[in-house]
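Trainee: below is the structure, and that's it, no one-letter string:
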Ligand SMILES: [Ca+2]
């Protein structure tokens, strides 16, 4: 099918209408029977009842790290089953970094639009503005009970916590699990937060039990809502598989892929526990589960990093490996079993899609970038109404995709080198320096391409998923059409700085730490790092 499409595009000259929609590639699988999971479904759910929604979001996992997306190293039987019973989305995009990615999945907007295109560190002074709508608050308006379990990473100040953005309850870490900096003397402890209060310091030893505790909290929430016959939205945002790797005792040393594989397998176990609870409770016929990840593998961590499979690049990059994620949708009897769809879609589409399933409408006071893909998930179409996907590296638009074509307009790094890029309390982007070690590693391994390739490159992702062959010279018409899409976005969000469509983040003047009482960092540490 793809070969035929390529011939058509090459031979016939590509019209904009073609790349905008009609020719979006789709590999819809043959219709498959509904899952046997319906067998034990309880009759409680009326035909029109809004579905429960479980959104599972993995941290720093590569496109090729689970069985349905080609991993032969990591055993993921629960995700294998999820894919057999559901739909794989093979051109599904997040963002290159944690906070940007979480902004997108929560708001349906490119992170740049909300001035959140970076990585927030502890005690940052910004977060998502209270004027924005999150998927949680829109579902709450539809009567859903809402909970986030796991990593939030959209601001740790009181106005920015999940409970201020539509979640009834919260249990998890407010940011990444390496932000305790235990390798550096005197840095702050990592807080575990329940609702809006830090309740416990998570030491390195305790990190081994995070996945287990998240899973218990998630399944408990499911059980409580099912007992109350209440529609629910569960956002299970794993700390796995972000470094430092902390597989639990039942998984440590058990995989064939070191601690990384161990933690992937524990995350798969956790997913299985969620499905087991849904099956036991008889609510599978009325529950949509969506699984994906926030950004590609952190390749600079070498053995501790995942695999992007056939994709080029990793975390921090706007090459496919940094942003294209494995994604699976599952809803027995509704989402066709065993389907694979290659339509361009992404985390920005989940808010309008979930709100549609919930019977609501997305408010029009704030422009969003995502579109409703419910008809795609239900197997009714393979075409999206979104004509392009844009690849931002922080503030900078680096590439655009429409149909099979991806146009890079700037040099792209293949991944984040050196230390993480943090926005501190003052809002300064410390990542630009990337660190001496990082630069040295990059130079040694030749893992950036900025000096060897032209800025303007065109790739056909159907035939060249690894982005190795620049075909810009052969397709000037397609280059021009994609450049027009770039110009359209630049008018909205700006080429590098903030365009008219960029909205401000929420801000606090005097950020405070989420410290567990009695275990605050010293005044010296606070002064050095956070004042
Ligand atoms: Ca991440």
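Mentor: Arrived safely. This structure is a prediction, so every number in the text was calculated from the model and none was measured. Numbers count the residues shown, from 1 in each chain.
Trainee: okay, CA-based contacts and neighbour counts for the rest of this
Mentor: Will do.
Trainee: residue 197 pairs with what?
Mentor: For residue 197, the beta-bridge partners are residue 194 (DSSP bridges).
Trainee: distance check, it against residue 152.
Mentor: To residue 152, residue 197 is 14 Å away according to Cα to Cα, to the nearest Å.
Trainee: what's the answer for residue 168, then?
Mentor: For residue 168, the distance to residue 152 equals 14 Å [Cα to Cα].
Trainee: with residue 293 instead?
Mentor: In this view, residue 293 and residue 152 are 13 Å apart by Cα to Cα.
Trainee: of the two, which one has the most company?
Mentor: Shown here are residue 293 and residue 152; by other Cα atoms under 10 Å, residue 293 has more neighbours (30 against 27).
Trainee: who does that one bridge with?
Mentor: Beta-bridge partners, per DSSP bridges, of residue 293: residue 58.
Trainee: got the contact list for the nearest residue to residue 79 once chain neighbours are set aside?
Mentor: Distances taken as Cα to Cα, 6 or more residues apart in numbering put residue 268 closest to residue 79, at 6.4 Å, once the chain neighbours are dropped. Residues near residue 268 by Cα atoms under 8 Å, 6 or more residues apart in numbering: 76, 77, 78, 79.
Trainee: isn't the third one right next to residue 269, touching?
Mentor: Yes: between residue 78 and residue 269 a contact is recorded at 6.8 Å, counting by Cα atoms under 8 Å.
Trainee: so which helix or strand takes in residue 170?
Mentor: Assigned by DSSP states H and E, residue 170 belongs to strand 169-172.
Trainee: do residue 212 as well
Mentor: Short version, using DSSP H and E: residue 212 is in helix 210-227.
Trainee: neighbours around the closest residue to residue 324 other than its chain neighbours, how many?
Mentor: Of all residues not flanking residue 324 in the chain, residue 93 sits nearest, at 4.5 Å (Cα to Cα, 6+ apart). Using other Cα under 10 Å, residue 93 has 29 other residues around it.
Trainee: now the helices for this structure?
Mentor: Along the chain, counting by DSSP state H, helices occupy 2-12, 16-17, 77-85, 98-107, 135-141, 204-207, 210-227, 258-281, 320-323, 350-357, 374-377, 436-445, 476-493, 523-530.
Trainee: out of those helices, flag the one nearest the ion.
Mentor: helix 98-107 (3.9 Å; Cα to the ion).
Trainee: for the ion, tell me whether the closest one is touching it.
Mentor: Yes: counting by Cα under 5 Å from the ion, the ion has neighbours in helix 98-107: residue 98.
Trainee: re the thing from before, can you redo the contacts of residue 268 as JSON lines with pLDDT, distance to residue 87 and neighbour count?
Mentor: Compiled in JSON lines, these are given as follows (pLDDT from 0 to 100; distance: Cα to Cα, whole Å; neighbours: other Cα atoms under 10 Å):
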{"residue": "76", "pLDDT": "98", "distance to residue 87": "16", "neighbour count": "24"}
{"residue": "77", "pLDDT": "98", "distance to residue 87": "16", "neighbour count": "17"}
{"residue": "78", "pLDDT": "98", "distance to residue 87": "14", "neighbour count": "21"}
{"residue": "79", "pLDDT": "99", "distance to residue 87": "11", "neighbour count": "23"}
